[in-house]
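**Q** Quick one, fold the following:
(2 chains)
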Protein chains: 2
Amino acid sequence: MLPPFCMAKERNRQEIIRQCTRFVGGHYPVSPQQMLAELAAFTPPETRSDHYGAGELMASFEAEVAQLLGKETAVFMPSGTMAQQIALRIHANRSGNKTVAFHPTCHLEMHEQHAYRELHQLSGVLVGNPDYLMTLDDLKAVKVPIGTLLIELPQREIGGMLPSWEELTELVDYARGQGMAVHLDGARLWECQPFYKRPYAEICTLFDSVYVSFYKTLNGITGAMLLGERSLIDEAKVWQRRHGGNLIRMYPFVLSAKMGLEQHLPNMQAYYDKTVEIAAAISQIEGIELKPTVPHCNRLFVYFRRDSQRLNDAVLDIASETKTLLFHGTWPSLIPAYAMTELWFGNAALDLSTEEIADLFTELMRRSAELNFV
Amino acid sequence: MLPPFCMAKERNRQEIIRQCTRFVGGHYPVSPQQMLAELAAFTPPETRSDHYGAGELMASFEAEVAQLLGKETAVFMPSGTMAQQIALRIHANRSGNKTVAFHPTCHLEMHEQHAYRELHQLSGVLVGNPDYLMTLDDLKAVKVPIGTLLIELPQREIGGMLPSWEELTELVDYARGQGMAVHLDGARLWECQPFYKRPYAEICTLFDSVYVSFYKTLNGITGAMLLGERSLIDEAKVWQRRHGGNLIRMYPFVLSAKMGLEQHLPNMQAYYDKTVEIAAAISQIEGIELKPTVPHCNRLFVYFRRDSQRLNDAVLDIASETKTLLFHGTWPSLIPAYAMTELWFGNAALDLSTEEIADLFTELMRRSAELNFV
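**A** All right, here's what the predicted structure looks like:
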């Protein structure tokens, strides 16, 4: 609970954001009421509810995504946290090796209260430097036998970086040669295609199991999917029930995922192109640094040689005056002189000229520059 | 996958049911499109989404149910399977005793792929006879130390039976005296109030932790809640994240739960009274037996001295001719001469006279009587 002063400030912040009509980052926000009305309009009257994972709506959507990603079959789940633990547990059961290797910024390590250990008794090995992509040398340096290698594409917590196709296939080939199962954390897989310029199915063929998410880039309400061979998915459904994720009805999630796939997947190239253009423009501004310097997908980290609080205040001032929201906030980075934010671009930025966006960033830097700081 | 002949028969069955406009059992069915449109109308435009369990919508609904059930605080979860395992794990961690005692028909034993054991390393002890309520003598007969006792009110798998208030409090007092934690499986708790004639809060005060469901009697899309003291619920949220149930957005579930509570909770007495009236009427029909003979809540088991398949065909014939669905189906019971079904009554039966319902059951028995069977 925030203290009263902060509560008032937070309410004011939310009120300013609510009045914005133009957005630099992400997709246009959709309120619950809007989303529910859109889904009601999107849903044919004869559509019947899913029932504990069964039914035509669920089966046809799972088949559609399985075909897109070139996997035999798929199961829709409430979350990636659930889907990925389950995939890793099954690989561990099959190989008898409970050691899972992943990047130090892996979602399982940072955001899941170590469920892989607490619920599934798996052992995690962190591979590589938290600020860079995992390399083949990093993997070779691990001295314990690894059962499963998890690769995240793109690597969200380092600005959405992606290994080259050659680096990626080398890593996977080595892992397979060592007898590891290879799992894809594809929470934002949809964002990779413009970089690899290959069909999703070709990317996914590298992996024994694939997890994708529907609420990030695709703007669904929530929901995830785990894909792989039928025997793996059949087993995953047993674990899904154990996790309490075999819900009697998930149709709002499924329908919003389906709608999101239709609305956003055809635009991934446009989101990427816009991201590259914006990055090129704002990287010219004094005091702004980007990671990566040229975006690998429609997301990146932005570093500002400014105080975080002053930046956040300036974002709100600009939002209040122009009804245009640059982004939600910044936080201190590891480099004391720099604050940082994560930016990703979706349908909202397409309605703004890159010149205007660059001008807004210039104005942001001007307004937040007035105070000296350590 | 059903064979082609069965698929065609199943499609025909679904088509007949779809054309029904009157229903004896349950609530009027609501299609996904209807539900989404109703929710859009129910949701104020200013309502903001929940965000990983936080936000005004979630907090106010959790507080509302916590107050209704007389508990300090609450957390909304996607499912009861998740909520109950979490409650039992926390009680086990606190007492150091991993043994959980429950009725042989407990959901954890029958429908969760033994997740309590596979995910949480808990040990289950079945107490009492599967066909009767758990008694104090049953509990006293257990020779291993029990950490947590789970009580289900009403006991769904034996026709929604309920112990008397005296039996219930004796059971709980004994368990507490032995140092057990006591957990309530209140999946259908809403149905108990007309039987106990006590506020929900008074019933819940007997328990250290309470789980309730929003999609059964209350007709929500899905969703559950776990209630108890703040320290327990704070810990439950960590486990919820581990289970993959701390979803970024659950507003369709929360809103439908809220709507269901408003629509159905005030009618529980009416549903119960109608159930008692229907039971009295159909128990007069030759070849029909009820369990319990007088319903304890708005649900019961009905046994027919008929072949299950002939009953199911007759249900569809009657549905086809009258656009009135008696129930979805029957299955063979343990007594060879009898088929059985589970019936519960909600808003749909209130629109039919009990005389008409009794006549439909009589007609059902007449039509399904033509064949001799073993």
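**Q** How many neighbouring residues does residue A:248 have?
**A** Neighbourhood size, residue A:248 [other CB atoms under 10 Å in any protein chain shown]: 17. All C-beta spots, glycine's among them, are computed from the backbone N, C-alpha and C.
**Q** Please tell me I have it right and it contacts residue A:52.
**A** Yes. Contact criterion CB atoms under 8 Å: residue A:248 and residue A:52 qualify, at 5.8 Å.
**Q** and the residue in the stretch 251-374 of chain A that chain B sits nearest to, what does it touch?
**A** When you check the stretch 251-374 of chain A against chain B by CB to the nearest CB, the closest residue turns out to be residue A:252, at 3.8 Å. Applying CB atoms under 8 Å, 6 or more residues apart in numbering or on different chains, we find residue A:252 in contact with A:36, A:39, A:221, B:32, B:36, B:221, B:252-253.
**Q** Export stretch A:222-234 to PDB, keeping only CA atoms.
**A** C-alpha atoms of stretch A:222-234 as PDB (Å, rounded to 0.1, in the frame of the first residue of the first chain):
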ATOM      1  CA  THR A 222      -3.800 -13.600 -21.400                       C
ATOM      2  CA  GLY A 223      -2.900 -17.200 -22.400                       C
ATOM      3  CA  ALA A 224      -0.100 -19.300 -23.800                       C
ATOM      4  CA  MET A 225       0.500 -22.400 -25.800                       C
ATOM      5  CA  LEU A 226       2.900 -25.300 -25.600                       C
ATOM      6  CA  LEU A 227       3.700 -27.100 -28.800                       C
ATOM      7  CA  GLY A 228       5.500 -30.300 -29.700                       C
ATOM      8  CA  GLU A 229       5.000 -34.000 -30.500                       C
ATOM      9  CA  ARG A 230       1.700 -35.600 -29.500                       C
ATOM     10  CA  SER A 231       3.200 -37.700 -26.800                       C
ATOM     11  CA  LEU A 232       4.700 -34.600 -25.200                       C
ATOM     12  CA  ILE A 233       1.500 -32.600 -25.400                       C
ATOM     13  CA  ASP A 234      -0.600 -35.500 -24.100                       C
END
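**Q** all helices for the stretch 151-300 of chain A, in order.
**A** Per DSSP state H, counting those that start in this stretch, the stretch 151-300 of chain A carries helices over the ranges A:165-177, A:193-196, A:200-204, A:230-243, A:251-264, A:268-282.
**Q** Need those in JSON lines (columns: mean pLDDT and distance to residue A:123).
**A** Compiled in JSON lines, these are given as follows (pLDDT from 0 to 100; distance: least, CB to CB, whole Å):
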{"stretch": "helix A:165-177", "mean pLDDT": "98", "distance to residue A:123": "17"}
{"stretch": "helix A:193-196", "mean pLDDT": "97", "distance to residue A:123": "31"}
{"stretch": "helix A:200-204", "mean pLDDT": "98", "distance to residue A:123": "26"}
{"stretch": "helix A:230-243", "mean pLDDT": "98", "distance to residue A:123": "18"}
{"stretch": "helix A:251-264", "mean pLDDT": "98", "distance to residue A:123": "32"}
{"stretch": "helix A:268-282", "mean pLDDT": "98", "distance to residue A:123": "36"}
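**Q** Which stretch among these is buried most, on average?
**A** helix A:251-264 (a mean of 23; mean count of other CB atoms under 10 Å in any protein chain shown).
**Q** just the angle between that helix and helix B:251-264, please?
**A** 140 degrees (axes from the mean of the first three to the mean of the last three CA atoms, to 10 degrees).
**Q** re earlier: show me which of the contacts of residue A:252 is closest to residue B:364.
**A** Nearest to residue B:364 among the contacts of residue A:252: residue B:32, at 30.2 Å, using CB to CB.
**Q** give the contact list for the closest one.
**A** Contacts of residue B:32 (CB under 8 Å, 6+ apart): A:43, A:47-49, A:57, A:251-252, A:255.
**Q** and these, which two are the farthest apart?
**A** Spatial extent of the contacts of residue B:32 (CB to CB) is set by the pair A:48 and A:252 at 14.1 Å.
**Q** count of neighbours near residue A:316?
**A** Residue A:316: 19 neighbours (other CB under 10 Å).
**Q** domain ranges for chain A?
**A** Domain segmentation of chain A under automatic domain parsing yields A:4-29+A:266-367, A:69-247.
**Q** For those, please prepare CSV with the additional fields distance to chain B.
**A** Compiled in CSV, the domains of chain A are given as follows (distance: least, CB to the nearest CB, whole Å):
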stretch, distance to chain B
domain A:4-29+A:266-367, 8
domain A:69-247, 3
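**Q** Tell me which of those sits nearest to residue B:317.
**A** The minimum distance between residue B:317 and these falls on domain A:69-247, with 33.8 Å, by CB to CB.
**Q** tell me how far the ends of that closest one are from each other?
**A** Start to finish, the residues bounding domain A:69-247 are 24 Å apart (CA to CA, to the nearest Å).
**Q** which intervals of the stretch 51-200 of chain A have sub-threshold pLDDT?
**A** In the predicted model of the stretch 51-200 of chain A, no residue satisfies pLDDT under 70.
**Q** tell me which strands and helices the strand or helix carrying residue A:14 is in contact with?
**A** Here residue A:14 sits within helix A:4-18, counting by DSSP states H and E. When contacts are defined as 3 or more CB pairs under 8 Å, 6 or more residues apart in numbering or on different chains; DSSP states H and E, helix A:4-18 packs onto helix A:308-322.
**Q** Return the distance of whichever helix or strand comes after the helix it packs on from the chain's centre.
**A** For helix A:308-322, the following helix or strand on the C-terminal side (DSSP H and E) is strand A:324-325. Centre-to-centre, strand A:324-325 and its host chain are 22 Å apart (CA atoms, centre = their mean, to the nearest Å).
**Q** If you tally nearby residues, what's the number for residue A:19?
**A** Applying other CB under 10 Å, I find that residue A:19 has 11 neighbouring residues.
**Q** Contacts only, for the residue nearest to it when sequence neighbours are not counted.
**A** Nearest residue to residue A:19, sequence neighbours excluded (CB to CB, 6 or more residues apart in numbering or on different chains): residue A:323, at 6.2 Å. Contacts of residue A:323 were listed using CB under 8 Å, 6+ apart, and they are A:19-22.
**Q** So which of the residues you listed wins on neighbours?
**A** Neighbour counts for the contacts of residue A:323 (other CB under 10 Å) peak at residue A:20, which has 18 neighbours.
**Q** for that one, helix, strand, or coil?
**A** Three-state assignment for residue A:20 (DSSP: H, G, I helix; E, B strand; the rest coil): coil.
**Q** Which residues are in contact with it?
**A** Neighbours of residue A:20 in contact, by CB under 8 Å, 6+ apart: A:319, A:323-325.
**Q** Could you report the neighbour count for the closest residue to it other than its chain neighbours?
**A** Spatially, and ignoring its direct neighbours in sequence, residue A:20 is nearest to residue A:325 (4.3 Å; CB to CB, 6+ apart). Residue A:325 is flanked by 24 other residues according to other CB under 10 Å.
**Q** Tell me how far residue A:325 lies from residue B:94.
**A** Counting by CB to CB, to the nearest Å, the separation of residue A:325 from residue B:94 is 45 Å.
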